[in-house]
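Participant: With the sequence up front, the predicted model follows.
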Amino acid sequence: MNSPRDLPQAQTADACIGQPLPRRGLERLLQGRGCYVDDLQPPRLAHAVMVRSPYAHARIVSIDVEPARRAPGVLAVATGRDMAGWCKPWVGTLATAPGMRSPPQHALAIDRVCWQGEPVAVVVAGTRAQAEDAAERVEVTWEPLPVVADELAALAPDARPVHPGDADNVCYRREVASGDVEQGFAAAAAVVSATLRTGRHTHVTLEPRAILADFNPADRQLTVWHASQVPHMMQWLLADQFGLPESQVRVIVPDVGGSFGLKIHVFGDEMAAVAMALQLGRPVKFVADRLESFQSDVHARGHRIEARMAVSAEGEILAFELDDVQTFGPYGCYPRAGTGEGNQVLNLAGAPYRNRHYRGRLRVAFQHKGMVGPYRAVGHPVACLATEVMLEQAARAVGVDPAQARRRNLVADDAYPWTLATGPVVEGLSQQASLDRLLQMMDYDGLRAAQARERARGVHRGIGLAHFVEMTSPSGRVYGAGGAPIASQDACMLRLTASGMVHCAVGITEFGQGAAMMVAQVAASGLGVPVERVRVLLGDTDVTPYGGGNWGSRGTGIGGEAVWLAARALRENLLAFAARVLGRPADALDLRGGEVVEREGGERHLSLEALARRAYFRPDLTPADITPELMVTRSFSQRAYGSVFSNGVHASHVEVDLDTGWVRLLRHWVVEDCGTVVNPLLVDEQIRGGVVQGLGAALYEEVLYGDEGQLLNGSLAEYLVPMAGEMPDIEVAHLHTPTRTSTLGAKGAGEAGVAGASAAVLNAVNDALAPFGAFLTEIPITPQRVLQALGKVPR
Amino acid sequence: MSTEPIESMTLRLQVNGEAVERPVAVRRHLADFLREDLGLTGTHVGCEHGVCGACTVRLDGRVVRGCLVLAVQADGASVQTIEGAADARMAALQAAFHRHNAAQCGFCTPAMLLTAADLLDRPDRPSREEIREHLSGNLCRCTGYQAIVDAVEATCRALQG
């Protein structure tokens, strides 16, 4: 656990930074007093329900909405053609993905649908039930069209283009190369290769996507309550899509029931609901049901990777090669495009290791499947899986212990900043120290000895490791340079109230990770006031400073730094004013525990409340040459690197039942280094939550499609997610290498848990099955796939 | 005998100790009735086919899934939601959840608490495995479950010795 002693000196003065304080605001959620979008019921509320395509690819021959219009309670029905007059289409490409193409996408499909579940009409009625009843009366005549479902078939030279007029289905391609890959393979003691597959996953936020839009025609004000991570981005986009001045659009983010990178996109159904609010001049709510979530939330992680690694007899990596085909939908998601995932796979493959001989190819294939977009730890788990599975297989091939192989290949902890073979520069990592800590924490040698004993009595346990490099706190080079309206800056507005409290408004958002508590702790520490004194406001574009919201683990690294800078600035103002009031030099004073005190000795002079009263109510007593500024705003954007990098290593211990193919998770360990930890209680549970999403990916989760692009598992009874009973205890430890990109020194930690978990599990299963010559190359690791790898059932 | 289907009926029940009498559509499930008709939004709807457990409420003392019970099935019954579950045991559990940071987005939390509270009524102290097993009908996508198990275990230890 972190302690203030581990923190940079500047932060230790009055610090609650580093303290495991229980999260404020949680009491509300624990008592059922939270307020999520679907809990809001403003007067005259109407409900929107979508009519969706049952086909993955079809022409809309005709739509008859009249029977629906006549249904009880119906207020309006609109088709794609109607909608096109109200909401302009968008294009999900980025300039930073050169050569990427995606056709314009409409909120509701007009002539043709390209995935099963694509919305084609919207029905608005007084109640949700009335809207659902009426939606069934919308009569669509479909002409089914040929479907491109398989990703390799989509890329075949004779493949039918998903979009007529295109020459092929390559949405985006990229190649990277460095060093002399051929020479590495030629010099190898062993070369291992595999076709690796990662299932198509989706976020499964427990609260589905939800939006409530209200338009007041009297003042032309659009207010949108949105389950979102990015209120300011949505404000910009809503204004743009509907041709409103930005000042007439207010986005409010209430409690949000899970996000994981889902709630940062423009979704057609949500835009359709907003359009109907604008048309009707009354509040309209759309909440996806669970089937709609599976059909129309973005998916991620569906990769097919041909991987090859060359190693020396000592297990040193000599060359590494990847050919990644990312499965995709028919459009790039807007405004992030969705190619970040494949790019991250290329960027992060091999990232923990010194090897310079690397070649990667990415092809993103248009398909008639659900759309693809960012999901927590974009690309990280796939890059990690490809690297770590190949490394352990290579180590096995030359008879080197996998932990030893890592030790021989890791970039040295004193070698940073280090340029990855793929281009990005990383700073301040601690891979070697992480490995040492992990091996000690899990008693690696003891576990290996126990494994041999258990194997002798027919119990097949495996140990798997996985290092990761995590990209956090992105700079403007990631999306801004691509042309997307995504802020990489964030700001904090901090003011002293008349009663000596601290009011803190920030652009980052809260969706359960504890951002508001982090902000309170940083503000309190920076100022020198008890944390209880700080009130935090976020998630409302009318009252918070412009910022990027929370994604890419940027909340603490960027938002937290803005809070720190604002707090230090306000503290200076307060001390300068107190110095005049007290007739003391400012540098003789300090702010501690909410009091102005003598720096040496700590003698109390003045409470903040007294100081505030003096400033606000009695300027008549203050000399005319000083007017204290009791509100300050500070901004921060990370510009030193493309991202700030965190790192760490996972280990998984599993038991495999050779008869049933069942994998039981016994234990999981993570060592991670996110620099300064503001609140270990919050960070630990962030890591564990991420680990469990990675364990779900490893063992259960996969969005399945049939040959005709039919979604085969659209419910939680069929798309399995981890429940408490299957999950192991997860031990988390931290190292603290502060980033030099900020004074706070904090890096993100939101991706770390997901990044390495599935690779560690796959390695552990392969370790357990190695004596049988079985080698699994695919997640989720279903019992069937285990038995296939063992040759007990046919492939 | 009429062949017309019955579309609605008058429902009489106790909710969090208060007598409630309301007309309700016979197809409306209990979770929607509580949320939409009574404004008790602490009960959440996550999947509506009985898997995620977010809609868990107490019906005559037993935890049930509010999305799998029709409101009319609760006629004459006593229903308790998170808003009405305020005894000392629940307060201890809520405090432990807070202390252990056993919630993130909070969407699953009211239901998780109602389910976990069952374990506090047992005469013996449940093991971690039993706690995990008991909570396995309630999906949490944020926490990784461990803090929840820790919080329940700590509460059981405090209450059951």
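Facilitator: Okay, I see it. Residues are numbered from 1 along each chain as shown, chains lettered A, B, ... in the order given.

Participant: Is chain A within reach of the longest helix seen in chain B?
Facilitator: Taking DSSP state H as the criterion, chain B has its longest helix at helix B:146-160. Yes: applying CB under 8 Å from any CB of the partner chain, one finds helix B:146-160 touching chain A at B:Q146, B:A147, B:I148, B:V149. In this view, the C-beta of every residue, glycine as well, is placed from N, C-alpha and C.

Participant: Please name the nearest non-neighbouring residue to the third one.
Facilitator: Beyond its immediate neighbours in the sequence, the residue positioned closest to B:I148 (CB to CB, 6 or more residues apart in numbering or on different chains) is B:A102, lying 4.4 Å away.

Participant: now A:M518
Facilitator: With CB to CB, 6+ apart as the criterion, A:M518 has its nearest non-adjacent residue at 4.9 Å, and that residue is A:V678.

Participant: roughly how far apart are that neighbour and A:V253?
Facilitator: Applying CB to CB, to the nearest Å, the value for A:V678 to A:V253 is 21 Å.

Participant: do the same with A:Y375
Facilitator: 20 Å.

Participant: So these two - more neighbours on which side?
Facilitator: More crowded of A:Y375 and A:V253, by other CB atoms under 10 Å in any protein chain shown: A:V253, with 26 against 23.

Participant: Might you report the residue contacts of the more buried one?
Facilitator: The contact partners of A:V253, by CB atoms under 8 Å, 6 or more residues apart in numbering or on different chains, come to A:W225, A:H226, A:A227, A:S228, A:Q229, A:P231, A:T509, A:L538, A:G539, A:D540.

Participant: same thing with B:M112?
Facilitator: By CB under 8 Å, 6+ apart, the contact set of B:M112 is B:G53, B:T56, B:A103, B:L135, B:N138, B:C140, B:I148.

Participant: gap between the longest helix of chain B and the chain center?
Facilitator: Mean C-alpha position of helix B:146-160 versus that of the full chain (CA atoms, centre = their mean, to the nearest Å) differs by 18 Å.

Participant: Repeat that for stretch A:114-123.
Facilitator: Distance of stretch A:114-123 from its chain centroid, counting by CA atoms, centre = their mean, is 26 Å.

Participant: what's the answer for stretch A:93-103, then?
Facilitator: Stretch A:93-103 has its C-alpha centroid displaced from the chain centroid by 21 Å (CA atoms, centre = their mean).

Participant: And that stretch, end to end?
Facilitator: With CA to CA, to the nearest Å as the measure, stretch A:93-103 spans 9 Å from end to end.

Participant: quick one on the thing from earlier: redo the residues of helix B:146-160 next to chain A as CSV? Include pLDDT.
Facilitator: Shown next, in CSV, are the residues of helix B:146-160 next to chain A (pLDDT from 0 to 100):
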residue, pLDDT
B:Q146, 97
B:A147, 98
B:I148, 98
B:V149, 98
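
Participant: what's the closest residue in space to A:P783 that isn't next to it in sequence sitting at in phi/psi?
Facilitator: Excluding its sequence neighbours, the residue lying closest to A:P783 (CB to CB, 6+ apart) is A:G661, at 3.3 Å. With angles defined as degrees, to the nearest 10, A:G661 sits at phi 80, psi 10.

Participant: From what I see, A:G661 and A:A774 are in contact.
Facilitator: No: at 10.5 Å, A:G661 does not count as touching A:A774 under the criterion of CB atoms under 8 Å.

Participant: Restricted to strands, list the contacts of B:M112.
Facilitator: B:T56 (DSSP state E).

Participant: From the contacts of B:M112, pick the one nearest A:V398.
Facilitator: Checking the contacts of B:M112 against A:V398 with CB to CB, the nearest one is B:C140 at 42.3 Å.

Participant: gap between the closest residue in space to the closest one that isn't next to it in sequence and B:A116?
Facilitator: Leaving out its chain neighbours, the residue that sits closest to B:C140 by CB to CB, 6+ apart is B:C108, at 4.7 Å. The spacing between B:C108 and B:A116, counted by CB to CB, is 11 Å.

Participant: before we move on, back to that, same list, the contacts of A:V253, but as TSV with pLDDT, neighbour count and distance to A:L720 please.
Facilitator: Below are those laid out as TSV (pLDDT from 0 to 100; neighbours: other CB atoms under 10 Å in any protein chain shown; distance: CB to CB, whole Å):
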residue	pLDDT	neighbour count	distance to A:L720
A:W225	98	26	32
A:H226	98	25	29
A:A227	98	28	24
A:S228	98	31	27
A:Q229	98	27	26
A:P231	98	26	33
A:T509	97	28	29
A:L538	97	24	34
A:G539	98	28	32
A:D540	98	16	37
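
Participant: Which single one of the residues you listed is nearest to chain B?
Facilitator: Taking CB to the nearest CB as the measure, chain B sits nearest to A:A227 out of those, at 9.9 Å.

Participant: What residues does that closest one make contact with?
Facilitator: Applying CB under 8 Å, 6+ apart to A:A227 gives the contacts A:Y36, A:V37, A:E207, A:R209, A:A210, A:I211, A:V253, A:P254, A:V256, A:G257, A:S259, A:K263.

Participant: Can you report how many residues lie near A:R44?
Facilitator: 12.

Participant: pLDDT score assigned to it?
Facilitator: A:R44 is assigned 97 on the pLDDT scale.

Participant: A:G25 too?
Facilitator: Reading off the confidence values, A:G25 has pLDDT 91.

Participant: element containing the closest residue to it other than its chain neighbours, please.
Facilitator: Distance criterion CB to CB, 6+ apart; nearest residue to A:G25, sequence neighbours excluded, is A:A516 at 5.9 Å. Using DSSP states H and E, A:A516 sits in helix A:515-527.

Participant: Cool, thanks, talk later.
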